[in-house]
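# sequence unknown, structure follows:
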């Protein structure tokens, strides 16, 4: 047998093994109880008074396709009038992370991998939170992760290294942000420097809510609600907490007649992409879509609120291999336990949505929001 024939024979022998290995890695998930999705009435006005930027951490078109399959072919995201694609590379790497990717969304500037809220030289950058406050508007964030995680810090803090957890938490004292909801109470009080960040925030006029129930009784926007030591509970335990926390922030900040900017993150999609755990990834993605639905319904009623939904990067290299729309079953495979370089989707609903179609850089999203809000 010549070399060519031998090579072909070896490839033919290995192919079934490769396919079998791939099939062995397939995971299947079924959503037992699908939720109802409504077709929303699009606001007819053109004024953009408020903007809500929603980030699905690590969310790709494949995550959305899988979630769409699980919910029998319906998602709240489909109410978006315009869609686009965002390019995500960091300043010094093709494959970004939530530090660099989120900073681009928050500030309109590229930065180094693992940096938060700073430029490539480590100098602090102004974020949409800062621009909103400088324009007399309110600004807030609501996340399901710990507040020292990269994405919330991209909007409120500044550090060349996203892993400097205690430094990042201390930096919230210097942020003009009005409304904050998330986990991470641990490093507000259990610190090596002996500081009590909750006490320092109180001294600056913030109300500190250590339970969501206490937050519900509060009627002004200057509040930190941090009920959990680290992340919020899993979706089955927390229910619609992210939606309720987002709506509470919107309710409080809408008292400002000049409007508000808010960032809402479905934070833990990223975790289960890294873990290659399909069931939890789908639960997080579907929870995020339901939160999108509640926010879009509020925006539709308000008429002057733009909702932009995107991701900072993709995680897990997930692909959809099969499924069944009737049963809400999807079969997927992961190619990585890390981030990948694919472009991520952009969805827009409300006045100004037409500016978010086509292919754009992630930095463009910040500048479009800043322009539309006249900040």
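Received, thanks. It should be emphasised that the depicted structure is a prediction, and the values quoted were computed from it without experimental measurement.

# poorly predicted segments of the chain, please.
By pLDDT under 70, the weakly predicted segments of the chain are 1-24.

# neighbours around residue 251, how many?
For residue 251, the count of nearby residues is 13 (other C-beta atoms under 10 Å). Quick note: C-beta positions are derived from backbone N, CA and C, even for glycine.

# do residue 94 as well
Neighbour count of residue 94, defined by other C-beta under 10 Å: 10.

# could you do residue 162 as well?
Neighbour tally, residue 162, other C-beta under 10 Å: 25.

# in the stretch 201-350 of the chain, which spans are helices?
In the stretch 201-350 of the chain, the helices defined using DSSP state H, counting those that start in this stretch lie at 212-216, 235-238, 241-253, 269-274, 278-302.

# return the set of buried residues in the second one.
Of the residues in helix 235-238, those buried by neighbour count under the rule 16 or more other C-beta atoms under 10 Å are 235, 238.

# got it, and the third one?
The neighbour-count criterion (16+ other C-beta under 10 Å) identifies 241, 242, 243, 244, 245, 246, 247, 248, 249, 250, 252, 253 as the buried residues of helix 241-253.

# need the max-distance pair from these.
Maximum pairwise distance among those (C-beta to C-beta): 18.4 Å, between 241 and 253.

# save the helices of the stretch 201-350 of the chain as TSV, and put in distance to residue 75 too.
Shown next, in TSV, are the helices of the stretch 201-350 of the chain (distance: least, C-beta to C-beta, whole Å):
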stretch	distance to residue 75
helix 212-216	26
helix 235-238	16
helix 241-253	15
helix 269-274	14
helix 278-302	5
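
# and these: which comes nearest residue 60?
Across the helices of the stretch 201-350 of the chain, closest to residue 60 is helix 269-274 (C-beta to C-beta), at 8.7 Å.

# residue 224 - nearest residue in space that isn't next to it in sequence?
The shortest distance from residue 224 to any non-neighbouring residue, by C-beta to C-beta, 6 or more residues apart in numbering, is to residue 180 (4.7 Å).

# would you mind measuring from that neighbour to residue 140?
As judged by C-beta to C-beta, to the nearest Å, residue 180 and residue 140 stand 7 Å apart.

# between the two, which is the more surrounded one?
residue 140 (29 against 26).

# buried ones in the helix or strand that contains the more buried one, by neighbour count?
Element membership for residue 140 (DSSP states H and E) is strand 138-146. Using 16+ other C-beta under 10 Å as the test for burial, strand 138-146 gives 138, 139, 140, 141, 142, 143, 144, 145, 146.

# could you do stretch 73-91 as well?
74-77, 79-80, 82-91.

# which among those gets closest to residue 153?
residue 90 (15.7 Å).

# so that closest one makes contact with residue 98?
No. Between residue 90 and residue 98 there is no contact under C-beta atoms under 8 Å: 10.7 Å.

# neighbours of the nearest residue to residue 45 once chain neighbours are set aside, how many?
In this structure, residue 45 finds its nearest non-sequential neighbour in residue 303, 5.2 Å apart by C-beta to C-beta, 6+ apart. Number of residues near residue 303 (other C-beta under 10 Å) recorded here: 15.

# hmm, back to that, need the buried residues of helix 241-253 in CSV (columns: distance to residue 354).
Formatted as CSV, the buried residues of helix 241-253 follow (distance: C-beta to C-beta, whole Å):
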residue, distance to residue 354
241, 33
242, 28
243, 26
244, 30
245, 29
246, 24
247, 26
248, 30
249, 26
250, 23
252, 29
253, 25
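
# if I look at residue 221, how far off is residue 254?
Distance of residue 221 to residue 254, computed by C-beta to C-beta: 9 Å.

# same thing with residue 225?
Taking C-beta to C-beta, one finds residue 225 at 17 Å from residue 254.

# of the two, who's got more company?
Neighbour count, other C-beta under 10 Å: between residue 225 and residue 254, residue 225 has more, with 22 against 19.

# from the buried residues of strand 138-146, which is closest to residue 330?
Looking across the buried residues of strand 138-146 and measuring by C-beta to C-beta, the closest to residue 330 is residue 144, at 22.3 Å.

# before we move on, the earlier item: now for residue 221 and residue 254: what residues contact both?
Residues touching both residue 221 and residue 254 (C-beta atoms under 8 Å, 6 or more residues apart in numbering): residue 260.

# give me the neighbour count for the closest residue in space to residue 185 that isn't next to it in sequence.
Closest residue to residue 185 apart from its sequence neighbours, by C-beta to C-beta, 6+ apart: residue 226 at 4.5 Å. For residue 226, the count of nearby residues is 26 (other C-beta under 10 Å).

# let me have the buried residues of strand 138-146 in a markdown table, extended by distance to residue 47.
Compiled in a markdown table, the buried residues of strand 138-146 are given as follows (distance: C-beta to C-beta, whole Å):
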| residue | distance to residue 47 |
| --- | --- |
| 138 | 17 |
| 139 | 19 |
| 140 | 20 |
| 141 | 24 |
| 142 | 24 |
| 143 | 28 |
| 144 | 31 |
| 145 | 33 |
| 146 | 36 |
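
# pick the one among those residues closest to residue 372.
residue 139 (15.3 Å).

# tell me the contacts of that closest one?
128-130, 132-133, 176-179, 253, 260-262.
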